[in-house]
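Chemist: Provide a 3D model corresponding to the input given below.
(one chain, ligands or ions: 1)
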Amino acid sequence: MALAVGMRVLTRALLRPWARGLRVAPGRTGPAAGGGDGMRCFGSPRVLVEPDPAAGVAVVKMRNPPVNSLSLEFLTELLISLEKLENDKTFHGIILTSDCPGIFSAGLDLTEMCGRKPEHYVEYWKAVQETWLRFYLSNLVVIAAINGVSPAGGCLLSLTCDYRVLANNPKYTIGLNETLLGIVAPFWFKDTMVNTIGHRATERALQLGLLFPPAEALRVGVVDQVVPEDQVQSTARSVMAQWLAIPDHARQLTKTLMRKPTADRLLTERDADIQTFVRFICRDSVQKSLHAYLEKLKQKKG
Ligand SMILES: CCCCCCCCCCCCC/C=C/C(=O)SCCNC(=O)CCNC(=O)[C@H](O)C(C)(C)COP(=O)(O)OP(=O)(O)OC[C@H]1O[C@@H](n2cnc3c(N)ncnc32)[C@H](O)[C@@H]1OP(=O)(O)O
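Modeler: I've put the predicted structure just below:
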């Protein structure tokens, strides 16, 4: 039932004019990540998929420069790639990583949440919910190879994965920093963090909007492993091999057992959550905070 609702939303998204116009990336012969039988890379303008059919693994590279902000179009492309891989029996695991140097993802696209009409906020929030649900409940093994900074929605995306490998670079901070922008992480962002690092650590991290540098991220448990930058992809591949060695049906059922209660809470409160988001984001004070934050980002350069 829940999945059927999800599929309907995704199908609606796929029917939108800009989604229909998505092209398959010009074929480069893969796999770029080693092994395999030369299946072609595919994807869309903002998502490059490098398949390694021999290993049953695909590397999904986010490439929405400059900062992989999670715009409506980008989220839709990510969902399309995920669905394509899930429907192809060749693949059992994906490695989610970034093609933008030094940035995993800057989180939700602030321009989608600023100065728009309420109808736009509804559409955007549905896509954010759908992305979280689909990645969080994916039957595939999903490993995040975090090769850059990963605030807020970027951190959330990595928290939907089964395992996180972070590059050891002090600039690559990770966390749910929403309060620093004058906004609030929704309950399902919070629940995902609680499921990863526990209640007390989440309470502190969320109230203070903490962005953890690698050593601290590892200590608190936001990530599972910190490795030298040039070993992130190879480590993700060896971890993937360990996870794929487990009988798939048993692993999948266990994942569902662990995650379904958290996902169900959003599934049953989905419409209310959209209304809460729209009411909150339309507040003058919130719009002012977001505009000021975006301005600060732009002025940083000058
Ligand atoms: C009772 C109330 C209950 C409430 C219930 C809750 C209701 C729901 C509330 C709403 C919840 C929303 C949840 C939000 C989640 C988010 O993810 S918000 C986004 C948070 N992200 C950030 O804070 C990161 C911001 N960006 C940066 O810190 C830096 O850009 C960077 C990622 C560290 C990269 O730095 P650098 O390489 O130096 O690049 P920049 O020059 O800073 O940026 C380049 C251009 O990109 C633009 N940009 C950056 N981030 C974003 C973004 N997230 N969205 C859109 N655009 C972004 C930046 O402005 C630059 O633009 P130009 O100047 O035009 O080039």
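
Chemist: For the protein, list the residues in contact with the ligand, please.
Modeler: Residues of the chain lying near the ligand by C-beta under 6 Å from any ligand atom: 66-67, 69, 103, 106-111, 149, 151-153, 177-178, 181, 183-184, 186, 276-277, 280-281, 294, 297-298, 300-301. Heads up, the C-betas are built off the backbone N, CA and C, glycines and all.

Chemist: Which strand residues bridge Gly148?
Modeler: Here Gly148 sits in beta bridges with Gly102, going by DSSP bridges.

Chemist: From what I see, it and Ser98 are in contact.
Modeler: Yes: assessed by C-beta atoms under 8 Å, Gly148 is found in contact with Ser98 at 5.4 Å.

Chemist: Report the set of residues contacting both of these two.
Modeler: 104-105 (C-beta atoms under 8 Å, 6 or more residues apart in numbering).

Chemist: on that earlier part again, show me which of the residues of the chain next to the ligand are buried.
Modeler: Using 16 or more other C-beta atoms under 10 Å as the burial test, the residues of the chain next to the ligand include 67, 69, 103, 106-110, 149, 151-153, 177-178, 181, 183, 186, 277, 281, 294 as buried.

Chemist: Find the nearest non-adjacent residue to Met193, please.
Modeler: Counting by C-beta to C-beta, 6 or more residues apart in numbering, Met193 lies nearest to Thr202, which is 4.5 Å off, once chain neighbours are set aside.

Chemist: Number of residues surrounding the one you found?
Modeler: The tally of other residues near Thr202 (other C-beta atoms under 10 Å) stands at 22.

Chemist: do the one 10 residues further on as well
Modeler: Neighbour count for Phe212, taken as other C-beta under 10 Å: 22.

Chemist: re earlier: in three-state terms, label the residue nearest to Met193 for me.
Modeler: Assigned with DSSP: H, G, I helix; E, B strand; the rest coil, Thr202 falls in the helix class.

Chemist: Could you list the low-confidence segments of the chain?
Modeler: Within the chain, the stretches with pLDDT under 70 are 1-38, 302.

Chemist: where along it do the strands fall?
Modeler: Under the criterion DSSP state E, strands of the chain are mapped to 42-44, 47-52, 57-62, 93-98, 102-103, 141-146, 148-151, 163-167, 174-175, 225-227.

Chemist: What is the neighbour count of Cys114?
Modeler: Other residues within reach of Cys114, judged by other C-beta under 10 Å, total 15.

Chemist: Please give me every residue in contact with Leu72.
Modeler: Taking C-beta under 8 Å, 6+ apart, we find Leu72 in contact with 109, 112, 123-124, 127.

Chemist: Tell me the one of these nearest Phe91?
Modeler: Among these, Ala127 lies closest to Phe91 (C-beta to C-beta), at 23.1 Å.

Chemist: Quick check: the farthest pair among the contacts of Leu72?
Modeler: Farthest pair in the contacts of Leu72 (C-beta to C-beta) is Asp109 and Glu123. Separation: 12.8 Å.

Chemist: What residues are bridge-paired with Gly93?
Modeler: Under the criterion used (DSSP bridges), Gly93 bridges to Val57, Val141.

Chemist: neighbours of it, just the number please.
Modeler: Neighbour count of Gly93, defined by other C-beta under 10 Å: 25.

Chemist: Quick check: it touching Gln242?
Modeler: No: under the criterion of C-beta under 8 Å, Gly93 is not in contact with Gln242, lying 10.6 Å apart.

Chemist: list the contacts for Ala106?
Modeler: Ala106 makes contact with 67-69, 149, 151, 154, according to C-beta under 8 Å, 6+ apart.

Chemist: Greatest separation within those residues: which pair is it?
Modeler: The two members of the contacts of Ala106 with the most space between them (C-beta to C-beta) are Ser69 and Val149, at 11.9 Å.

Chemist: is it true that Cys155 touches Ile174?
Modeler: Yes: using C-beta under 8 Å, Cys155 is in contact with Ile174, at 5.1 Å.

Chemist: got any residues that touch both of these two?
Modeler: The contact sets of Cys155 and Ile174 overlap at Val222 (C-beta under 8 Å, 6+ apart).

Chemist: So which of the two has more stuff around it?
Modeler: Taking other C-beta under 10 Å, Cys155 and Ile174 do not tie; Cys155 has more neighbours (33 against 28).
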